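**Student:** have a look at this fold, sequence not included:
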């Protein structure tokens, strides 16, 4: 499944949670893309992908790009020199094909999303 988000200039914490909960496709893989995702920091992308699990996904994924490379580059345990160059080539090779087929595609304008309230389920309420 591909979730494509567009046109949101500022990515707030609400948006990351809302997008992952909005989809709620238990048992699927979520691939995120679009201009909103492109503008997210790596931390924001990791939050979104992690929250996909809360929404029932098996995995949350955004294709590796320059944001990914910038995040990894220079970190203590990241590849260095030629190893980093090889890693970047590999990371780019695992990005989804432009003509990839998906079970479902959800596309929406992130500017049109409004906040919603969620709370954890507590047995006493059941």
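**Tutor:** Now that the structure is in, tell me what you want to look at. Since the structure is predicted, the reported quantities are computational estimates derived from the model, not experimental observations.

**Student:** now the strands for this structure?
**Tutor:** With DSSP state E, the ranges of strands along the chain come out as 2-6, 29-33, 59-62, 105-109.

**Student:** can you redo those as CSV with mean neighbour count, mean pLDDT and distance to residue 97?
**Tutor:** All C-beta atoms are positioned from the backbone trio N, CA, C, and that covers glycine. Formatted as CSV, the strands of the chain follow (neighbours: other Cβ atoms under 10 Å; pLDDT from 0 to 100; distance: least, Cβ to Cβ, whole Å):
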stretch, mean neighbour count, mean pLDDT, distance to residue 97
strand 2-6, 20, 46, 12
strand 29-33, 22, 87, 12
strand 59-62, 19, 90, 14
strand 105-109, 13, 78, 14
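
**Student:** how many residues are close by the closest residue to residue 42 other than its chain neighbours?
**Tutor:** Nearest residue to residue 42 in three dimensions, chain neighbours excluded: residue 71, at 3.7 Å (Cβ to Cβ, 6 or more residues apart in numbering). Counted by other Cβ atoms under 10 Å, the residues lying close to residue 71 total 16.

**Student:** you'd agree residue 71 is up against residue 46?
**Tutor:** No - the pair residue 71 and residue 46 does not pass the contact test of Cβ atoms under 8 Å, sitting 9.0 Å apart.

**Student:** looking at the strands of the chain, which is nearest to residue 41?
**Tutor:** For residue 41, the closest of these is strand 59-62, at 11.5 Å, according to Cβ to Cβ.

**Student:** how much space between residue 59 and residue 92?
**Tutor:** Distance, residue 59 to residue 92, by Cβ to Cβ, to the nearest Å: 19 Å.

**Student:** what sits against residue 28?
**Tutor:** Remark: with contacts taken as Cβ atoms under 8 Å, 6 or more residues apart in numbering, residue 28 is in contact with 1, 56, 57, 58, 103, 104.

**Student:** make it 10 Å
**Tutor:** Under the criterion of Cβ atoms under 10 Å, 6 or more residues apart in numbering, the contact list for residue 28 reads 1, 52, 55, 56, 57, 58, 59, 102, 103, 104.
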